[in-house]
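*Asks:* no FASTA, just this:
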């Protein structure tokens, strides 16, 4: 059997198995079942996020993605493992109902309980105009992921210093923000480099946000909950 045919058959087997063993639509998998050693910190399942409460559609603290994105992340994880590094995922597939909740939250200008932690220097009324909150998210297409690097040495999962927290709304989170330490710049550069090497594109306003260039559902926005 030719190698290309073998890979195609193996790929189809992965998709069929993933669908048969989960409650996910065809073409989607749980990252913790697909990428050995990946660490999850699903903020939208908890109240540890910029809205301040669990978000609609996150019925479990798990990460879902397209099979294609999961395959690429598996390669990223394998590359990093050689250096006692790994991936921690904050979010992957995001139901449209969650995106809708973000927009509703952004339009409620009276609710500013999380401002000090997540957007201290941006007026809430500007979160949508400045692109921090949008009515459509690439996350809902299933091949975008929010993540960071961790050190796995000695069995610990210690996040590397990226210079700003996840979901911090402000220029400090832009990948090319200049006022960083040498270590922080190097960590951001390493994350971008390894993600780009495996087919992901970065986002200009969030160092943690990457979308698979060859995403399988470029025009579809899904709304199934994360089981």
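*Replies:* Done, it's in. The model shown is predicted, which means the values in this text are computed figures rather than measured ones.
*Asks:* ok, now which ones touch residue 99?
*Replies:* 134-137, 139-140 (Cβ atoms under 8 Å, 6 or more residues apart in numbering). Where you see a C-beta, it was placed from the backbone N, CA and C, and this is true even at glycine.
*Asks:* got it, and residue 109?
*Replies:* Listed by Cβ under 8 Å, 6+ apart, the contact set of residue 109 reads 124-125.
*Asks:* returning to that earlier point: and the two most separated of the contacts of residue 99?
*Replies:* Across the contacts of residue 99, the longest distance by Cβ to Cβ is 12.6 Å; it joins 135 and 139.
*Asks:* So for the two, which residue has more residues nearby?
*Replies:* Legend: neighbour count by other Cβ atoms under 10 Å for residue 135 and residue 139, higher for residue 139 (23 against 11).
*Asks:* Quick check: residue 74 is in a helix.
*Replies:* Yes: Residue 74 forms part of a helix when assessed by DSSP: H, G, I helix; E, B strand; the rest coil.
*Asks:* just how off-centre is the host helix or strand of residue 78 within its chain?
*Replies:* Assigned by DSSP states H and E, residue 78 belongs to helix 67-81. Computed by Cα atoms, centre = their mean, to the nearest Å, the chain-centroid distance of helix 67-81 equals 13 Å.
*Asks:* List of residues touching the next helix or strand after it?
*Replies:* Proceeding N to C from helix 67-81, the next assigned helix or strand is strand 85-91, under DSSP H and E. Strand 85-91 is contacted from outside by 31, 35, 37-44, 63, 73, 76-77, 80, 139, 145-152, 157, 159-160, 166-167, 208, using Cβ under 8 Å, 6+ apart.
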